[in-house]
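In: next come a sequence and a model predicted from it.
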Amino acid sequence: MHIPDGLLSPTITIAAFIITIIFWIISFKKIKLTEQQVPMMGLLTALFFAAMMMNFPIIGPTTAHLLGGAVIGLILGPFAGLISMSIILVLQALLFGDGGLLALGVNVLNIGIIGVFIPCITFTALNKLFKPKIGTRLYATIFISTFLGCLTPAIAAGIEIGLSPLSPWYGLSIAVPAMAINHSIIGTAEGIVTVILIATLLKLRPDVLEKSQILGKITLFKHKTKNEETLNDRE
Amino acid sequence: MKVFPSLKDIIENTETLIYIEDLSDKKGLMQTINPIAKLITITAMIISALFITKLSYLLTICIIPTIFAVASYISLKQFFTRTTLIPIIMALISIPTLFLTTGTPIWITTIGNINLTITIEGITKFLIFTTRIWFCVATLSLLILSTGFDKTLKLLATLRIPTLIIQLFSLTYRYLFVSIHETQSILIAKEARTYIHKKTLNLQALKDLGYLLSSLFIRTYERSERVYLAMKARGFEINKNNKPQIPKLHIKDIVFTTSIITIFAYIALL
């Protein structure tokens, strides 16, 4: 998924950088971190970075790792999630050569913007539509959001690669399906991992998710908030 | 004992991070260049590579990052190990170019009913693509290998990146080692319990990964509360502006940047 330098044409690279910069500015203005949230976000970003180094088997020696955009977006919210994901992408490019300097705009657009915002939008929409309580429906909502959070960045990367004259990857008709099929397998795996992660957190530390901009909207917390408000009113 | 791929990757990645910090302290060519000049030079080199379409020119410019690596006391073994993985992956993906590009055939074979023809144009296209990717990856690697993370943060501050973002970068990098160490401990404990790895995608492996991540998440969240208190005790303030300490540009930095940009612009325009 990480596109290296030298693969995309300058036009696509510049266009992606402009979109990314606009989203960076909006996100930076939108996130209002308290002093306590700064170390929390830094440490969680480090954790997600480390989590992306963990592989799961696909077939034989082939392994894949988490993209992480969906889980970051759902837990931290889309704007903080974009900042967090951008930090990870910069560090991956600089420290491990995974990505690139000019390709940073494209990678942030795919993994940081599409990969974070799509799951957040999908989750919010499905949550409004079905108002799921803890159980299969909620987990299905998380799974679908995460799956799309993996698939859509891959399709976007496929389009960029397919449109770039520098890449030898045979145009849109091959690049897009190739990326989509590959990442639908990773998306399924990531969906399951994210559901288990969030289900465990809901069981053990629901207070952590309650503060989340996206997951805080689920029915469980809304009821809790209303009950707390009623108690406060009574007092 | 067969090492679990995740564990192996994590150990290798930690070694890379330590290696970067060690190298940036040496007194080689790239280490003595001002980080801003270095960033401009490296960006210009990568941009020029996008405009070079002749294989011979691309192969020629590949000598430059290699010379810089030697002059900066970067072990060539480490340098090539670090810079060849991504180009190899890209090369594997673009193998069909060899057969799908029309032109002068140099090798023809038949597998079943399919005729496979490798053309000179196909080989050239394949090599241009792979060489360009290697050049870009190698050039970018020079930046961090010769700068180190501390100076890179100062560089970001000089580029007027908001203080909050730099604070987040700094925290992420510092606690990356802690996160990696903790992940490593959990994976080693799992190995010690003679955990059986299946070779295909299976629900149990994904469940285990999910539980492992949730455990790490809770630990990290709780640690962040303690870290905040410790930072506050040392006078932490959000958006506290730390003035960048990047040294001023010297004549040698300007000469270096100008000469490299001129050479690359000339090659790109040829």
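Out: Arrived safely, thanks for sending. Numbering: from 1, shown residues only, chains lettered A, B, ... in the order given.

In: buried residues, the helix or strand containing A:L94. List them.
Out: Assigned by DSSP states H and E, A:L94 belongs to helix A:78-96. For helix A:78-96, a neighbour-count test (16 or more other C-beta atoms under 10 Å in any protein chain shown) marks A:78-96 as buried. Where C-beta positions appear, they are placed from N, C-alpha and C, glycine not excepted.

In: which of these come close to chain B?
Out: Contacts with chain B within these, counted by C-beta under 8 Å from any C-beta of the partner chain: A:I83, A:S84, A:I87, A:I88, A:V90, A:L91, A:A93, A:L94, A:L95, A:F96.

In: quick check: of these, which lies closest to A:V108?
Out: A:V90 (8.6 Å; C-beta to C-beta).

In: give me the nearest residue to that closest one, chain neighbours excluded.
Out: Spatial nearest neighbour of A:V90, chain neighbours left out: A:L104 (6.6 Å); criterion: C-beta to C-beta, 6 or more residues apart in numbering or on different chains.

In: tell me the spacing between the one you found and A:N110.
Out: 11 Å (C-beta to C-beta, to the nearest Å).

In: the two: which is more packed in?
Out: More crowded of A:L104 and A:N110, by other C-beta atoms under 10 Å in any protein chain shown: A:N110, with 29 against 22.

In: how much space is there between that one and chain B?
Out: Counting by C-beta to the nearest C-beta, to the nearest Å, the gap from A:N110 to chain B is 16 Å.

In: my read: that residue touches A:A157, true?
Out: Yes: if you go by C-beta atoms under 8 Å, A:N110 and A:A157 touch, sitting 5.1 Å apart.

In: and the helices in chain A?
Out: Secondary structure of chain A (DSSP state H): helices located at A:10-30, A:37-51, A:69-76, A:78-96, A:104-107, A:115-130, A:136-163, A:172-204, A:206-210, A:219-234.

In: which one of those lies nearest to B:L76?
Out: helix A:78-96 (18.8 Å).

In: any idea how far that closest one is from the chain center?
Out: Remark: helix A:78-96 is offset 11 Å from the chain centroid, using C-alpha atoms, centre = their mean, to the nearest Å.

In: packing partners of it?
Out: helix A:10-30, helix A:37-51, helix A:69-76, helix A:104-107, helix A:115-130, helix B:5-24, helix B:120-158, helix B:163-192 (3 or more C-beta pairs under 8 Å, 6 or more residues apart in numbering or on different chains; DSSP states H and E).

In: tell me the centre residue of chain A?
Out: A:G69 (1.6 Å; C-alpha atoms, centre = their mean).

In: so that residue makes contact with A:P119?
Out: Yes: the criterion here is C-beta under 8 Å, and A:G69 meets it with A:P119 at 6.8 Å.

In: quick check: neighbours shared by these two?
Out: A:G149 (C-beta atoms under 8 Å, 6 or more residues apart in numbering or on different chains).

In: any idea how many residues pack against A:I22?
Out: 11.

In: now it: how far from A:A16?
Out: The gap separating A:I22 from A:A16 is 11 Å, by C-beta to C-beta.

In: what of A:G162?
Out: According to C-beta to C-beta, A:G162 and A:A16 sit 14 Å apart.

In: compare the two (neighbour count), which wins?
Out: Shown here are A:G162 and A:A16; by other C-beta under 10 Å, A:A16 has more neighbours (24 against 19).

In: hang on, the earlier thing: contact partners for the residue nearest to A:V90?
Out: Applying C-beta under 8 Å, 6+ apart, the residues near A:L104 are A:F17, A:T20, A:L89, A:V90, A:A93.

In: what's the closest non-adjacent residue to residue 140?
Out: Picked chain A for this. A:P132 (7.7 Å).

In: sorry, I should have been clearer: chain B.
Out: In space, B:L140 is closest to A:L101, 5.3 Å off (C-beta to C-beta, 6+ apart).

In: okay, that neighbour: pLDDT?
Out: Note for A:L101: predicted pLDDT of 88.

In: where in the chain is pLDDT low?
Out: Picked chain A for this. Applying pLDDT under 70 to chain A flags residues A:57-63, A:168-170, A:219-235.

In: please refer instead to chain B.
Out: Those would be B:1-11, B:13, B:15, B:194-200, B:239-246, if you go by pLDDT under 70 across chain B.

In: report the central residue of it.
Out: Chain B, centroid-nearest residue using C-alpha atoms, centre = their mean: B:S141 at 5.7 Å.

In: I'd guessed it sits against A:G99; true?
Out: No: between B:S141 and A:G99 there is no contact under C-beta under 8 Å: 11.9 Å.

In: comparing the helices and strands packed on helix A:78-96, which comes out most buried?
Out: Sort the helices and strands packed on helix A:78-96 by mean neighbour count, taking mean count of other C-beta atoms under 10 Å in any protein chain shown, and helix A:69-76 sits at the top with a mean of 29.

In: quick one: that one to helix A:78-96, angle?
Out: Interaxial angle, helix A:69-76 versus helix A:78-96 (axes from the mean of the first three to the mean of the last three C-alpha atoms, to 10 degrees): 130 degrees.

In: just the CA trace of helix A:69-76, in CSV.
Out: Extracted in CSV, the C-alpha atoms of helix A:69-76 (Å, rounded to 0.1, in the frame of the first residue of the first chain):
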residue,chain,number,x,y,z
GLY,A,69,-6.3,3.6,9.7
ALA,A,70,-9.7,2.3,10.8
VAL,A,71,-8.8,1.5,14.3
ILE,A,72,-7.0,4.8,14.8
GLY,A,73,-9.9,6.7,13.3
LEU,A,74,-12.6,4.9,15.3
ILE,A,75,-10.7,5.3,18.6
LEU,A,76,-9.0,8.8,18.2
